[in-house]
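Engineer: build me a model from this:
(chains A and B)
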Amino acid sequence: MASQNPIAPSPGAGIYGGSVFANVVQAPEDPILGVTVAYNKDPSPVKVNLGVGAYRTEEGKPLVLNVVRRAEQLLVNDPSRVKEYLPITGLADFNKLSAKLIFGADSPAIQEIRVATVQCLSGTGSLRVGGEFLARHYHERTIYIPQPTWGNHPKVFTLAGLSVKTYRYYDPTTRGLNFEGLLADLSAAPPGAIVLLHACAHNPTGVDPTLDQWEQIRLLMRSKGLLPFFDSAYQGFASGNLDADAQSVRMFVADGGECLTAQSYAKNMGLYGERVGALSIVCKSADVATRVESQLKLVIRPMYSNPPIHGASIVATILKDRELYHEWTIELKAMADRIINMRQQLFDALRARGTPGDWSHIIKQIGMFTFTGLNTEQVTFMTKEYHIYMTSDGRISMAGLSSKTVPHLVDAIHAAVTRMK
Amino acid sequence: MASALALVALSAPFFRAVPLPENSMFQRIGAEKKHGNPLFKGKDFRRVSMTVSVNVSRFEGVTMAPPDPILGVSEAFRVDTNDLKLNLGVGAYRTEELQPYVLNVVKKAEKLMLERGENKEYLPIEGLAAFNKVTAELLFGADNSVIQEGRVATIQGLSGTGSLRLAAAFIQRYFPDAKALISSPTWGNHKNIFNDARVPWSEYRYYDPRTVGLDFDGMVADIKAAPDGSFVLLHGCAHNPTGIDPTPEQWEKIADVIQEKNHIPFFDVAYQGFASGSLDADAYSVRLFVKRGFELLVAQSYSKNLGLYAERIGAINVVCSSSDAGTRVKSQLKRLARPMYSNPPVHGARIVANVVGDPILFNEWKQEMELMAGRIKNVRQRLYENLSQKDKSGKDWSFVLKQIGMFSYTGLHKAQSDHMTDKWHIYMTKDGRISLAGLSLSKCEYLADAIIDSFHNVD
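Structural biologist: Have a look, this model is predicted:
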């Protein structure tokens, strides 16, 4: 942005048409969130929103979990509750419980008090705070992110002060993992570089390494001293099992090494708008963890002082109560199962329709999103002719599909694939 | 051999925490190979770090950060066992019984929200539309031309801090040569916010210890001396930490010099309604500048006036000369929020929208706010009376009445403030600031004794 002398604020004066903000141009709509904006504007009765990753019921409605409603009742009706500032690091109970959830209650890192955990604003906030911390205190300021990755990742890390490079991840020919490319690119990374890893349910592709492949990744990264930074936005939501979805993270922690983990409760507890998450930094020693925590506070204080209480209280209430926790795992599995069901339905319907192509990736990929393999032109066509809203990279949110809307989507995909190449 | 290398590695300066670089972040990215870490030389450390990486933390060089100066006060208070102890460090309202206070209207709003069973979907990046509408109307007045003409870009922010930080990031990006002017003293976190946002700042004189009042001439001179087009951070009302606000006449003159220098006013409004008890009266300074035609920024917080501290609810408002500029500015503020936290928390925003948007709750709120502000005025009055009656030296204690809001600068210096704690078990910040919100009528006499003793008997 070219700098300019701000002009006189009084109306009528000044060279640039009377505004100090004359050089501020209109920013484009966020590509992901912009999909919902466009969807909302569309008057068509058959429109389907497969853009943003928020869970929908079979009826196409947003869902607030029963356990969340119950926890909220308890909180709102508790006369002793106050709204005093949380500590900079957030709600202590929430932090402890979150660390246990992702690392496992028996994790040596937790037993040895070597984990610095701070409550942050969902996944995004955790990534940003972690990035800022690394930019200030870590000697390697390059982070490697998978190609492709969530659209917001590069912006978060760039603004945090890191320089962003990519490693190969998705193979369009197999619609699966480019494992050779991944290993090659991480091998070529400078020692000590930071590597962003999606803990499970890779966004946008839905393609995850197998456990064997994770082990190979771990060995490679440890041999090169690469620093893992996990983005865990779907624990429990991907497979339906909280422990299974945390395997990759726990594998790395089990070897005694250090890592960062950003957790989000947006999807697995349906707490999207409450902005609940946590950043954990697993350190070599308790002493280091204490110092690291103190420096995390210096990142947070000038950003927003301390985090919001409501969502974190809901999470803590659920995690610490045996019965609520159990009920949560059931509701979580139901959401994951519905998505797996949608995958199967879509796959079966495309096969039945005889739509050209191998669509098995739909049932192989995991989590909320499917990377269809459709190109930008095909996507634009589907939006225009069939009112299907999705991101231009061909990603669809399975959570936005229902048995009712699968046929319409199949029509759209079939038309796109047969009429446009 | 490995342990010797480990020792070398531990003592190697590169492990030390690196201070924030002076140059712009955007220049630094990609240039780290050239500029690198100024504290290390050569490539040998990398081989060393690989050899010892198994045993030594990558974060070994991270030093312990100093504790927050304000929060540390409450910590010390907590461990004091003396019956007479008093916490005047707290920046949160307390009742006469010195208990935290959740407003009745807030409880009502939360119950309503629970009954309605609203969903928890992501808010748009700019926040809850209903909240953004009422917050701008509350600040500027619903009938204000800037609202009527759609010239205000409003983004929901994470209370005052988050709103200030978005604004600072915006300034850094679009006015990279501009600096911020902040009062001396000001809220401690202002500097941190501008530092982290990479906006250079300097101070303008504000507090005059001789009068325990405003150094108005110094303030005007320093604003005048600053480079044209600076962003002048002004406290809308109830200046923190001094409690000293300019008079209406002084505000006019401040506006004059800002206009003369083509500066941009940047208001921090954390106490609207909480200072005087009147929402409109406390918005006087902001509305004056708006009337005079300035483009300006205003950060708002609902922490104190609605007691929503932990919900983190506020807003950044940018008044522009046209609605087109407002639209563009809003789009760019969104671009800064997205990589910071994506979209803001919904709970506090809904509470505010429900309270301000409902005439009955809104009126009830105004009454509760008058009670809170009233209680603070009462303790000021009682403290003043106690000080005047008990102090025989003839010192003028009227600044206690003239200052406004939650905080007061007592005029006590560090040694005297320490004495307040050491002898009297009264906890306050070292700059002589006390929080009237933490004072009850029943403790005013004790406080008066302590202040008089510290003032006269400690050098």
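
Engineer: what about the strands in chain B?
Structural biologist: Listed in chain order, the strands of chain B (DSSP state E) span B:86-87, B:152-157, B:180-184, B:201-205, B:207-208, B:213-214, B:231-235, B:264-269, B:296-301, B:314-319, B:407-409, B:426-427, B:433-435.

Engineer: and whichever helix in chain A runs longest, how far out from the chain middle?
Structural biologist: Taking DSSP state H as the criterion, chain A has its longest helix at helix A:322-353. Averaging C-alpha positions (C-alpha atoms, centre = their mean, to the nearest Å) puts helix A:322-353 19 Å from its chain's average.

Engineer: contact residues of the stretch 51-200 of chain A facing chain B?
Structural biologist: Selection of the stretch 51-200 of chain A residues close to chain B by C-beta under 8 Å from any C-beta of the partner chain yields A:52, A:54, A:62-64, A:68-69, A:72-73, A:76, A:81-88, A:121-122, A:124-125, A:128, A:136-139, A:141, A:152, A:155-156, A:158-163, A:191-192. C-beta: built from backbone N, CA, C; applies to glycine.

Engineer: would you mind giving me the PyMOL syntax to select the buried ones in those residues?
Structural biologist: Restricted to buried positions by 16 or more other C-beta atoms under 10 Å in any protein chain shown, the PyMOL selection for these reads:
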select buried, chain A and resi 52+54+62+63+64+68+72+81+83+84+85+86+87+88+121+122+124+125+128+136+137+138+139+141+152+155+156+158+159+160+161+162+163+192
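
Engineer: and the residues of the stretch 51-200 of chain A next to chain B, which of them are in strands?
Structural biologist: Counting by DSSP E, those contribute A:Ser163 to strands.

Engineer: the strands of chain B: which one's closest to A:Val249?
Structural biologist: strand B:152-157 (32.0 Å; C-beta to C-beta).

Engineer: angle of that closest one against strand B:296-301?
Structural biologist: 30 degrees (axes from the mean of the first three to the mean of the last three C-alpha atoms, to 10 degrees).

Engineer: where in chain B is pLDDT low?
Structural biologist: With pLDDT under 70 as the threshold, chain B has low-confidence stretches at B:1-54.

Engineer: which ones are touching residue 275?
Structural biologist: Using chain A. A:Leu121, A:Ser122, A:Gly125, A:Ala266, A:Pro308, A:Gly311, B:Tyr341, B:Ser342, B:Asn343, B:Pro344, B:Pro345 (C-beta atoms under 8 Å, 6 or more residues apart in numbering or on different chains).

Engineer: wrong one, chain B
Structural biologist: B:Cys237, B:Ala238, B:Asp245, B:Ala281, B:Asp282, B:Ala373, B:Ile404, B:Gly405.

Engineer: can you add distance to chain A and give the residues you listed back as a markdown table?
Structural biologist: Putting those into a markdown table (distance: C-beta to the nearest C-beta, whole Å) gives the following:
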| residue | distance to chain A |
| --- | --- |
| B:Cys237 | 20 |
| B:Ala238 | 18 |
| B:Asp245 | 23 |
| B:Ala281 | 25 |
| B:Asp282 | 21 |
| B:Ala373 | 18 |
| B:Ile404 | 22 |
| B:Gly405 | 18 |
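
Engineer: now that we have those residues, which one has the most neighbours?
Structural biologist: B:Gly405 (28 neighbours; other C-beta atoms under 10 Å in any protein chain shown).

Engineer: buried set for the longest helix of chain A?
Structural biologist: Those would be A:324-325, A:327-328, A:331-333, A:335-336, A:338-340, A:342-343, A:345-347, A:349-350, for helix A:322-353 by 16+ other C-beta under 10 Å.

Engineer: quick check: A:Asn95 touching A:Cys120?
Structural biologist: No: the criterion here is C-beta atoms under 8 Å, and A:Asn95 misses it with A:Cys120 at 10.1 Å.

Engineer: now the common contact residues for the two.
Structural biologist: A:Ala278.

Engineer: which of these two has more residues huddled nearby?
Structural biologist: More crowded of A:Asn95 and A:Cys120, by other C-beta under 10 Å: A:Cys120, with 31 against 23.

Engineer: what does the pLDDT read for the more buried one?
Structural biologist: Per-residue pLDDT puts A:Cys120 at 98.

Engineer: which residues does it bridge with?
Structural biologist: As for beta bridges, A:Cys120 partners with A:Gly277 under DSSP bridges.

Engineer: that one and B:Ser342, how far apart?
Structural biologist: Distance of A:Cys120 to B:Ser342, given as C-beta to C-beta, to the nearest Å: 11 Å.

Engineer: run a quick neighbour tally on the nearest residue to A:Ser98 once chain neighbours are set aside.
Structural biologist: Among residues not flanking A:Ser98 along the chain, A:Ala278 sits closest, at 4.1 Å (C-beta to C-beta, 6 or more residues apart in numbering or on different chains). A:Ala278: 33 surrounding residues under other C-beta under 10 Å.

Engineer: isn't A:Ala278 up against A:Phe94?
Structural biologist: Yes: contact criterion C-beta under 8 Å: A:Ala278 and A:Phe94 qualify, at 7.2 Å.
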